[in-house]
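Engineer: fold the following.
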Amino acid sequence: MRILHTSDWHLGHSLHELGRQHEHDHFLSWLVDLLGAEQIDSLLVTGDLFDSANPSALSQARWFSFLAELRLQYPNLDIVVIGGNHDSAARLDAPRPILESMNIHIIGGLPRDGEGDIAMDKLLVPLRDATGSIAAWVAAVPFLRPGDLPRADTAAASTEGRLISGVRGLYSEVLAALRETAQPGQALIATGHCYMAGAKLSELSERKIQGGNQNALPIDIFTDDLTYVALGHLHLPQSVSRSNIRYAGAPLPLSMAEANYEHQVYVLEVDGQEIVSEKAHIIPKILELVRIPAGDPAPLDAVLPHLLALPGRAPDCDEKTLPFLEVRIALESAIPGLRRRIQEALVDKAVRLVKITATFTGTGDALADTVPMEQLRDIQPEEVFIRRYRRDHEADPSPPLLASFHELLDAVRQGSSQEEA
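Structural biologist: Prediction:
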């Protein structure tokens, strides 16, 4: 049996207000072709299908069109999708009766029966091989919210925290049911949308979930008898602790910090309870993310020549394929008209400016960190302004800037005097 694991599509995502529809359309078209070329039997999507809990009509139409195309081309493909922290569990679960009739299993939120117990018949999904025989069972656990978790054992909670103990208890219950359901020789697969201890994350685009990084889940929640653990949430493709516990990663860079990720989907072949082959398929890029400079931020005078050297825009170029550009400036002093100067250098260049990142070279200290509290009321406004300037820049403010500050200060004082009169 051949399984394809992908995650964190974030349909509807925009990067600094520029939409990603063109890139998502390309990815989904490529994925449809890959499923056929690799003779995939089961598709696992591990959360964050949409970028927001209230996706646009266009994003939802793209998703359902994709499912319709899969069903038309691959009628026997098993499809299992779990909800992530960006998704609305209720929205994903709403079309479940129709989709299940098409062998499409969507688990947006943790399902429960009328008694309040976990509905294992919804959570445990059989996966079939090319002959139609059940070759594996997947415990399709979605993103877990605090209300999903059982009350933790007091002793365990005091040792590792109530949240982690609750997640451990829930997975323990689900994995026990998975073992009871599967027959000998059938693979055991689990999913999760979570942050695992020891994993690497992109701080600019991944929300800290399940209590933040201080509550990262321990790897021993997933027992050694599992054939594969398909994870979502982190955008960097990676295995965690064991090679069979894997984040597939996002198909697109979702922040400029992810420009150098090797975005991929992961294909594994399972024979019985063993993984006999595995391969990452790199997703072709149709749009580049460019950071200038590529290394550390640099002063404006050092950056402008690089901007001027960028290739010009062809008259017939497709705007949707132009690279996104981040310009990274180290501000040693205040630069009036910074954005204007950068934009002038980029006139008719074959890029789209999405972000100017200004890094300051000052101390970063707050005023209260450098002056005793009892002296703060005695500091004159000019000294406050100078210290504030030094927080961001290495040098003191220039005489023209100080003169402008005094003009503003005088205007404020005159306004206050008139109000009192």
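Engineer: just give the closest residue to residue 302, not the sequence neighbours.
Structural biologist: Closest residue to residue 302 apart from its sequence neighbours, by C-beta to C-beta, 6 or more residues apart in numbering: residue 293 at 7.7 Å. Where C-beta positions appear, they are placed from N, C-alpha and C, glycine not excepted.
Engineer: that neighbour: how many residues sit nearby?
Structural biologist: 14 (other C-beta atoms under 10 Å).
Engineer: quick check: it touching residue 305?
Structural biologist: No - the criterion here is C-beta atoms under 8 Å, and residue 293 misses it with residue 305 at 10.8 Å.
Engineer: okay, domains of this structure per the record?
Structural biologist: Annotated domains of the chain cover 2-282, 289-420 [automatic domain parsing].
Engineer: gap between the shortest one and the chain center?
Structural biologist: This means domain 289-420. 28 Å (C-alpha atoms, centre = their mean, to the nearest Å).
Engineer: start the count at 47, not 1, going forward
Structural biologist: All set: I'll call the first residue 47, so the last point we hit is now domain 335-466.
Engineer: pLDDT on it, on average?
Structural biologist: Per-residue pLDDT over domain 335-466 has a mean of 81.
Engineer: ok, residue 54 - contacts?
Structural biologist: By C-beta atoms under 8 Å, 6 or more residues apart in numbering, the contact set of residue 54 is 92-94, 130, 278-281, 294-297, 300.
Engineer: try it again with 7 Å
Structural biologist: Taking C-beta atoms under 7 Å, 6 or more residues apart in numbering as the contact definition, residue 54 lies against 93, 94, 278, 279, 281, 295, 296.
Engineer: how close does it sit to residue 307?
Structural biologist: Going from residue 54 to residue 307 by C-beta to C-beta, to the nearest Å gives 11 Å.
Engineer: the nearest residue to residue 105 once chain neighbours are set aside: what's it in contact with?
Structural biologist: Distances taken as C-beta to C-beta, 6+ apart put residue 58 closest to residue 105, at 3.7 Å, once the chain neighbours are dropped. Going by C-beta under 7 Å, 6+ apart, residue 58 touches 96, 97, 98, 101, 102, 105.
Engineer: isn't residue 319 right up against residue 273?
Structural biologist: Yes - using C-beta atoms under 7 Å, residue 319 makes contact with residue 273 at a distance of 5.3 Å.
Engineer: excluding chain neighbours, what is closest to residue 127?
Structural biologist: Here the nearest residue to residue 127 in space, its sequence neighbours aside, is residue 91; by C-beta to C-beta, 6+ apart that works out to 4.3 Å.
Engineer: can you count the residues close to that neighbour?
Structural biologist: Neighbours of residue 91 under the rule other C-beta under 10 Å: 23.
Engineer: try residue 302
Structural biologist: Neighbours around residue 302, by other C-beta under 10 Å: 21.
Engineer: show me what contacts it?
Structural biologist: 335, 337, 372, 401.
Engineer: ok, so of those, who is nearest residue 87?
Structural biologist: Residue 87 has its nearest neighbour among these in residue 335, at 34.0 Å by C-beta to C-beta.
Engineer: quick one: residues contacting the closest one.
Structural biologist: By C-beta under 7 Å, 6+ apart, the neighbours of residue 335 are 299, 302, 305, 369, 370.
Engineer: filter these down to the buried ones.
Structural biologist: 299, 302, 305, 369, 370 (16 or more other C-beta atoms under 10 Å).
Engineer: where's residue 218, which helix or strand?
Structural biologist: In this structure, residue 218 sits in helix 208-227 according to DSSP states H and E.
Engineer: helices or strands up against that helix?
Structural biologist: In terms of contacts (3 or more C-beta pairs under 7 Å, 6 or more residues apart in numbering; DSSP states H and E), helix 208-227 is packed against strand 170-174, strand 180-185, strand 233-239.
Engineer: got the contacts of residue 335 as CSV, with distance to residue 64 and secondary structure columns?
Structural biologist: Output for the contacts of residue 335, formatted as CSV (distance: C-beta to C-beta, whole Å; DSSP: H, G, I helix; E, B strand; the rest coil):
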residue, distance to residue 64, secondary structure
299, 12, coil
302, 12, helix
305, 14, coil
369, 11, coil
370, 7, strand
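Engineer: put the buried members of the contacts of residue 302 into a ChimeraX selection.
Structural biologist: Buried members of the contacts of residue 302, defined by 16+ other C-beta under 10 Å, are picked up in ChimeraX with:
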select :335,337,372
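Engineer: filter the contacts of residue 302 down to the ones in strands?
Structural biologist: When DSSP state E is applied, these are split such that 335, 337, 372, 401 fall in strands.
Engineer: from these, which is closest to residue 391?
Structural biologist: residue 372 (14.3 Å).
Engineer: thought the closest one was touching residue 401?
Structural biologist: Yes - counting by C-beta under 7 Å, residue 372 touches residue 401, with 4.4 Å between them.
Engineer: so the nearest residue to residue 292 once chain neighbours are set aside: helix, strand or coil?
Structural biologist: Of all residues not flanking residue 292 in the chain, residue 285 sits nearest, at 4.7 Å (C-beta to C-beta, 6+ apart). Local secondary structure at residue 285 is given as strand here, using DSSP: H, G, I helix; E, B strand; the rest coil.
Engineer: what's in contact with the longest helix belonging to the chain?
Structural biologist: Scanning the chain for the helix with the most residues, using DSSP state H, yields helix 445-466. The list of residues contacting helix 445-466 from outside it, by C-beta under 7 Å, 6+ apart, reads 380, 427, 431.
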